[in-house]
Structure formats: C-alpha cells, structure tokens
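In: Would you be able to build a 3D model of this:
(one chain, ligands or ions: 1)
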Amino acid sequence: MALLLDGKKVRDAISKELQKEIEELGVKPCLVILQVGDLEESNAYISQKQKFAELVGAAVIHKRYEKDVSQDFIIADVENLNADEGVHGIILQLPIPAHLNAGKIIDHIAPAKDVDGLTATNLKLLAQNNAEGFVPATTKGVLALLDAYKIELAGKKVLMVGRSMLVGKPTALALLNKNASVTVAHSKTADLKKETLAADIIVVAIGKPRYITSEYVRSGQVIVDVGINLDTVGLKEEIPGKRKLVGDVDFDAVKDIVSAISPVPGGVGAMTVASLFENLVEACKRQVK
Ligand code: NDP
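Out: Sure thing, here's the model as predicted:
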C-alpha cells in the first residue's frame, strides 16, 4: 500500500497553528462567502468552511443570493465589502449560474481581501512568483500537502492534469515556481497515458470520477487527487439520492502500484479549507497592521 498523503492530519496541525495566531492577533478574522443559488455541493463546502472557522476562532458571514440575481447587484455588494474594515476576506463560492460572469465579479474583490487568490492581480503575482499575492486555496493546499510529506518538487517531472482557472492553471504555475518541470494535460491531450506514465508526480483535477485507473500509473509515482465527485457507483447498495464522494483517481486500483497517494475524501479537500483560512489570517494581519 502506498504512503497515504493524509490531508486531515496536516489540516489539523494547521488549524492548531491558526488558532494560536488568531489568539495572538487579538482580532477575529472575518470571511464573507458570497453564494448564488442553493447548490447542494456548495452548501456542503460552505458548511465545512464555517466549521473550520469556528474551530480556529474566525468569523464567517454567509450571503446567499437568489439564482436570478443580477451581476451589478453582487458587484455593488462586493464594493461595499471592500470598504468595510470589519471584513478581511471575500470569496465567491463557485460555480455560479451561467448568466453571471465569475471572472468579472471576482475581479471587483480588492486583491488584499481576495483570499481565494483568483483576481487578476493575485494570479499575476503568482505568475511572477511574488509572495505578496494570495495563492489560490486548492493550489496552496496541494503544495502544502506535498511539503508536509517532504516530497521534493525541484527537478521532478510533474504532470498537471486539468487546466481550469480555479485549479489546473494556478497549480501548474505554483509547481513551476517550485522548480518542477511541469507538463499540463487537458481534454485535447493526444495520449494522456503516455504523459502520466512519464511523470514522477501526477496532480489530477478533471472532475471525472475514478478516471485515472491502474493503466495510467507505474511504481514510484506520487499521485495527488484533487477531484471531488459524487458518484453512485461503489455504494454497498443503491440508495436513491445517496452518493459517494470519490476522486478523479481510482484509488483502490492504483494504491498498491504507486508510492504515495492522497485519498478522497481526506486529501486535498481538507487542505483547501485550511489553506483558505491561512490566507484569511494573513490578509487580516496585513489589514490591521
Ligand atoms: P473544470 O471542469 O473547470 O476543469 C476540468 C479540467 O479537466 C479542464 O481543463 C478539462 O480540459 C480537463 N479534462 C476533462 N476531462 C479530461 C480528460 N478526460 N483528460 C484530460 N483532461 C480532462 O474543473 P475544476 O478544475 O474546477 O475541478 C476539477 C475537479 O477538482 C472537480 O472534481 C472538482 O470538484 C475538484 N475540485 C476540488 C477542490 C478541492 O478542494 N479538492 C477545489 C476545486 C475543485 P479542457 O480544458 O480541455 O476542457
């Protein structure tokens, strides 16, 4: 069995550290989460963030808009929150309905409060390898997980599977900043198996349940599974409405082949929440200085 890259364990260590930092800071960092509509998955992510906030002593304000809200209405709220000294971080819970432009809304968030690291300013700072920016939470979580297990990136062949603005692209940049030789694969990649087999480390974020099977991997590799998918396959019995959380990697099929792997749940997902609050605490420190 491969070494388990245990995100929960690392998250728990980070949460203790954050608890201490917040106590010392003497200010309760406040995160505002903007949600449009009522997606079940988003509700689950938001409740994880609320629980983590409670654990470390931060505050979360959850603002929910109706599905048909206008873009201008949300942007006006963002501008008010930017000016509100009691708010240290603002995030837009994705996905949002198709009539809204996530990039446009996010770019109205003040970079100093953009703790998801998704504004053009923070993405540019990431591209420049400038530590003044906020690194997107999932990307930061992937790197922190590898770092916690002392997995060296410099000089390694790392394959990033997926090129979304939320995960794949920022993660590829961050890996490059760590001196990895990064290849990015996507849905138009001609021979994905050839690419995965050539890599030392594979980070997968494609949103396809158990897509990476035993044929895609070989011994000695490190696999980081970012995928979070709800799937009915694999349940002991089919229960209407009941689904199981699985990654983009077929964990059971590859766990005895590779040398290290992050599980789903309990891998990158756990790290993402912790990384978001690390960014929030840092944002708060900078704002109250
Ligand atoms: P997107 O749907 O935005 O992007 C998926 C990417 O995967 C695209 O670049 C797409 O290529 C690529 N892709 C799709 N199918 C294939 C394939 N068969 N072979 C190679 N590449 C493929 O998803 P996200 O990046 O937002 O999310 C990916 C996964 O990560 C999801 O399961 C999501 O739930 C999860 N996630 C987990 C987080 C965490 O905290 N752990 C946080 C955010 C997301 P193309 O560009 O060509 O279309």
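
In: which regions of the stretch 101-250 of the chain lie under the pLDDT threshold?
Out: 232-242 (pLDDT under 70).

In: 50 - rerun?
Out: Scanning the stretch 101-250 of the chain for pLDDT under 50 picks out nothing.

In: Which residue ranges of it form strands?
Out: 157-161, 181-185, 201-204, 222-225, 229-231, 244-246 (DSSP state E, counting those that start in this stretch).

In: Need the ones you listed in TSV (columns: mean neighbour count).
Out: No exception for glycine: its C-beta is placed from N, CA and C like everyone else's. Listed next are the strands of the stretch 101-250 of the chain as TSV, based on neighbours: other Cβ atoms under 10 Å:
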stretch	mean neighbour count
strand 157-161	24
strand 181-185	19
strand 201-204	26
strand 222-225	27
strand 229-231	15
strand 244-246	17
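
In: can those strands go into TSV with extra columns for distance to residue 141?
Out: Shown next, in TSV, are the strands of the stretch 101-250 of the chain (distance: least, Cβ to Cβ, whole Å):
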stretch	distance to residue 141
strand 157-161	14
strand 181-185	17
strand 201-204	11
strand 222-225	10
strand 229-231	17
strand 244-246	16
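
In: residues touching residue 11, list them.
Out: 270, 271, 273, 274 (Cβ atoms under 8 Å, 6 or more residues apart in numbering).

In: could you redo the last one with a cut-off of 6 Å?
Out: By Cβ atoms under 6 Å, 6 or more residues apart in numbering, residue 11 lies in contact with 270, 271, 274.

In: can you list the residues of the stretch 1-150 of the chain near the ligand?
Out: Residues of the stretch 1-150 of the chain lying near the ligand by Cβ under 6 Å from any ligand atom: residue 138.

In: Most proximal residue of the stretch 1-150 of the chain with respect to the ligand?
Out: Residue nearest to the ligand within the stretch 1-150 of the chain: residue 138 (4.2 Å; Cβ to the nearest ligand atom).

In: wait, is residue 61 part of a strand?
Out: Yes: counting by DSSP: H, G, I helix; E, B strand; the rest coil, residue 61 is found in a strand.
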